[in-house]
Every structure is written in structure tokens, then in C-alpha cells.
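What follows is a predicted structure for the sequence shown.
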Amino acid sequence: METNESANSNPGNALSVAQAESVGGGDGTCTTTVQLSGPGFSISSGYNSLGDALIGTYDGIVAATSHVIETVAR
């Protein structure tokens, strides 16, 4: 059986707009770096978020694959 906890009748101070934005979406100081390397090459790209890193990496893979297909087709 669950027990109900009483709500805090004195929750404290409200967050400022800046604090709420920092908690909700981050302050932009955390970045993501994608590093790829292999024989004879090394690639490093920085992004502002994980989502941007995934999109950028996907776009890069699509571009590289397209380049290989076009090169082989010639």
C-alpha cells in the first residue's frame, strides 16, 4: 500500500527565468565531440548537443557513401 506524503506547504523561492532555462535546456556549455580514425585518417567534429552530433555524423556518412558510389560508378 502506498503512503501519501503531504505536499510541502513552504516550497521555497521560485526559480528565475534564467535558472529555469538552465535546468530545462542546459546552458549551452556542454558539447559533444565525435572522433573517427583509421589507417591514414582522423576526423574530429564538435557539436553543441548530442542531437546535433547524431545529425552531423549521419549527414557525413551519407555524403561519404554517396561520394564512393559516384566514384565507383564512373
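That came in fine, so what should we check first?

which non-adjacent residue is nearest the most centrally placed residue in the chain?
Nearest to the geometric centre of the chain sits Leu50, at 1.4 Å (CA atoms, centre = their mean). Leaving aside its chain neighbours, Leu50 sits nearest to Thr32 (5.2 Å; criterion: CB to CB, 6 or more residues apart in numbering). No exception for glycine: its C-beta is placed from N, CA and C like everyone else's.

Identify the bridge partners of that neighbour.
For Thr32, the beta-bridge partners are Tyr47 (DSSP bridges).

quick one: contacts for it?
For Thr32, the contact set (CB atoms under 8 Å, 6 or more residues apart in numbering) comprises 46-50, 52-53.

Tell me how many other residues surround Tyr47.
Counted with other CB atoms under 10 Å, the neighbours of Tyr47 add up to 16.

Look up how far Pro39 lies from it.
According to CB to CB, to the nearest Å, Tyr47 and Pro39 sit 25 Å apart.

Ser16 now?
52 Å.

and if you look at Ile69?
In this view, Ile69 and Pro39 are 22 Å apart by CB to CB.

If you count surrounding residues, which of these two has more?
Between Ile69 and Pro39, counting by other CB under 10 Å, Ile69 is the more crowded of the two (9 against 4).

Now do the host helix or strand of the more buried one, average pLDDT.
Using DSSP states H and E, Ile69 sits within helix 50-73. For helix 50-73, mean pLDDT rounds to 91.

packing partners for that helix?
The elements that helix 50-73 packs onto, with contact taken as 3 or more CB pairs under 8 Å, 6 or more residues apart in numbering; DSSP states H and E, are strand 32-38, strand 41-47.

a markdown table for these, including mean pLDDT?
A markdown table is the format used below for the helices and strands packed on helix 50-73 (pLDDT from 0 to 100):
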| stretch | mean pLDDT |
| --- | --- |
| strand 32-38 | 87 |
| strand 41-47 | 87 |
